[in-house]
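Novice: Attaching a predicted model along with its sequence, questions to come.
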Amino acid sequence: MKQLAQRKFVSVSNLRQGHPSGHGLAPASADKFLEDITVAICSAWAAWQAAATLVGIVITGPVATGGQVIGPPLTPLILARGPKATPQEMKLTNAVANVIGTAWLSFTSTIKVTGMPWYPAFAAFPGPVAPPMPNVPCPVAALTMVTAPVSARVLKEQMLAVSGDRSNENLFEAIADGFEKMVDVWKISTMVTNVLGTGAIPTFAPPYVPVGPVVGGIGIMTPGGFT
């Protein structure tokens, strides 16, 4: 993310040379801030991923639907490690942390499972209750979600609004662009694993009906299942 943000910062700074807005921090200070804030964001993201879980999955036969992603808020995690050596840095870190934290919560709240064949054994299970079994892993991108809250355009404008001025527009645009690109990478590179599913087989009645589908089952991811 740091490299993406730094390249974007150089690009937009060159594009806006001579314009009154966008050039808040001096170049050296801006480079250092970008490095420190991206480290803080990525550290917060890693902490979130280690603790996040997916709950409320409904299982019918082999198919899983629904669910809700739950994890720690990013804002305090970013604030804890973000640069705060000067009032200007504190102001910028506060804007970035609050916007990205709120956007991430909005984005992850829309992640849902829609008809995924996660539990093939549950189509015809030989018992009254199927014991906890992990799902068939799939990338996060296979789930449904709304990515608008973490788009670069939205993030940048919200950071500008929270900060109250446009003097660091280039910085905010670079951070927003880098974050959006990393979300795109995260969706396709991160797998949904260890969603433990279980449920009853109400039609199980041996010897006449020795197998049956899970009905009204539930699935819950163990923390760290986003790998």
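Specialist: Yes, it's here.
Novice: Please tell me how far the nearest residue to Thr147 once chain neighbours are set aside sits from Trp48.
Specialist: Excluding its sequence neighbours, the residue lying closest to Thr147 (Cβ to Cβ, 6 or more residues apart in numbering) is Phe107, at 6.4 Å. C-beta coordinates here come from the backbone N, C-alpha and C atoms, glycine included. Going from Phe107 to Trp48 by Cβ to Cβ, to the nearest Å gives 12 Å.
Novice: secondary structure class for Gln68?
Specialist: With DSSP: H, G, I helix; E, B strand; the rest coil as the basis, the three-state label of Gln68 is strand.
Novice: who does it bridge with?
Specialist: Val55 (DSSP bridges).
Novice: from memory it sits against Leu105, does it?
Specialist: No. With contacts counted by Cβ atoms under 8 Å, Gln68 stays clear of Leu105, the gap being 11.8 Å.
Novice: in the protein, which helix has the most residues?
Specialist: With secondary structure taken from DSSP state H, the chain has its longest helix at helix 27-51.
Novice: What average pLDDT does that one get?
Specialist: Helix 27-51 shows an average pLDDT of 93 in the prediction.
Novice: Tell me which residues of it come out buried.
Specialist: Using 16 or more other Cβ atoms under 10 Å as the test for burial, helix 27-51 gives 29-30, 33-34, 36-38, 40-42, 44-45, 47-49.
Novice: got it, and stretch 175-185?
Specialist: Ile175, Ala176, Asp177, Gly178, Phe179, Glu180, Met182, Val183.
Novice: So which of these sit within strands?
Specialist: Judged by DSSP state E, strands contain none of those.
Novice: Closest one to Ala124 out of those residues, please.
Specialist: Of all the buried residues of stretch 175-185, Ala124 sits closest to Val183, with 38.7 Å by Cβ to Cβ.
Novice: Contacts only, for that closest one.
Specialist: Contact analysis of Val183 by Cβ atoms under 8 Å, 6 or more residues apart in numbering lists Phe107, Thr147, Val150.
Novice: For those residues, give me JSON lines that also has neighbour count, pLDDT and distance to Ile220.
Specialist: Shown next, in JSON lines, are these (neighbours: other Cβ atoms under 10 Å; pLDDT from 0 to 100; distance: Cβ to Cβ, whole Å):
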{"residue": "Phe107", "neighbour count": "18", "pLDDT": "98", "distance to Ile220": "21"}
{"residue": "Thr147", "neighbour count": "13", "pLDDT": "97", "distance to Ile220": "25"}
{"residue": "Val150", "neighbour count": "22", "pLDDT": "98", "distance to Ile220": "25"}
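Novice: List just the nearest of those residues to Asn94.
Specialist: Closest to Asn94, out of all of the contacts of Val183 and judged by Cβ to Cβ, is Val150, at 18.9 Å.
Novice: how close does the residue nearest in space to the middle of the chain get to Pro149?
Specialist: Of all residues in the chain, the one closest to the mean position by Cα atoms, centre = their mean is Thr108, 5.4 Å from it. Distance from Thr108 to Pro149, counting by Cβ to Cβ: 9 Å.
Novice: Give me the buried positions along stretch 193-200.
Specialist: Buried, per 16+ other Cβ under 10 Å, within stretch 193-200: Thr193, Asn194, Val195, Leu196, Gly197, Thr198, Gly199, Ala200.
Novice: Among the residues you listed, name the ones in strands.
Specialist: Applying DSSP E to the buried residues of stretch 193-200, the entries found in strands are Val195, Leu196, Gly197, Thr198, Gly199, Ala200.
Novice: Contact partners for Pro202?
Specialist: So Pro202 contacts Gly212, Val215 (Cβ under 8 Å, 6+ apart).
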